[in-house]
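Peer 1: quick one, fold the following:
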Amino acid sequence: MDSNKDGQLSEKEAEGPLANDFAKIDSNNDGFITLRELNKVERKSGGRPPRQNNHPKDLSIELNNLVKTMAVNTTLRR
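Peer 2: A predicted model of the protein is given here:
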């Protein structure tokens, strides 16, 4: 993501969860996320990137509509 290769991420360069939580990760409020700031957040969250506040969604209906079954002949011919 560091498109200008300066060793830090500006708000324009950040994507996904980093962009969503930019202000929280930028602990010194300088407008950039450094590797040090990112590592601090990862240690606090158990090595995982910050989570988005998504509510769990029951995907079983969608799955049932997507899964197709096909009969398979299992008898052996010799």
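Peer 1: hey, where'd the strands end up in the protein?
Peer 2: Under the criterion DSSP state E, the chain contains strands at 8-10, 32-34.
Peer 1: in its sheet, what does the first one sit against?
Peer 2: For strand 8-10, the paired strands and their directions (DSSP bridges) are strand 32-34 (antiparallel).
Peer 1: return the residues in contact with the residue lying closest to L9 once chain neighbours are set aside.
Peer 2: The spatial neighbour of L9 that comes closest, neighbours along the chain excluded (CB to CB, 6 or more residues apart in numbering), is I33 at 4.4 Å. Bear in mind the C-beta positions are built from the backbone N, C-alpha and C, glycine included. Shown in contact with I33 (CB atoms under 8 Å, 6 or more residues apart in numbering): Q8, L9, A14, L18, F22, I25, D26.
Peer 1: again, only this time at 6 Å
Peer 2: L9, I25, D26 (CB atoms under 6 Å, 6 or more residues apart in numbering).
Peer 1: also D6?
Peer 2: D6 neighbours (CB under 6 Å, 6+ apart): none.
Peer 1: which regions of the chain lie under the pLDDT threshold?
Peer 2: Applying pLDDT under 70 to the chain picks out residues 45-73, 76-78.
Peer 1: first-to-last residue distance for stretch 5-20?
Peer 2: This stretch, stretch 5-20, spans 21 Å end to end (CA to CA, to the nearest Å).
Peer 1: please begin residue numbering at 463 from this point
Peer 2: Yep, numbering from 463; the last one is stretch 467-482 now.
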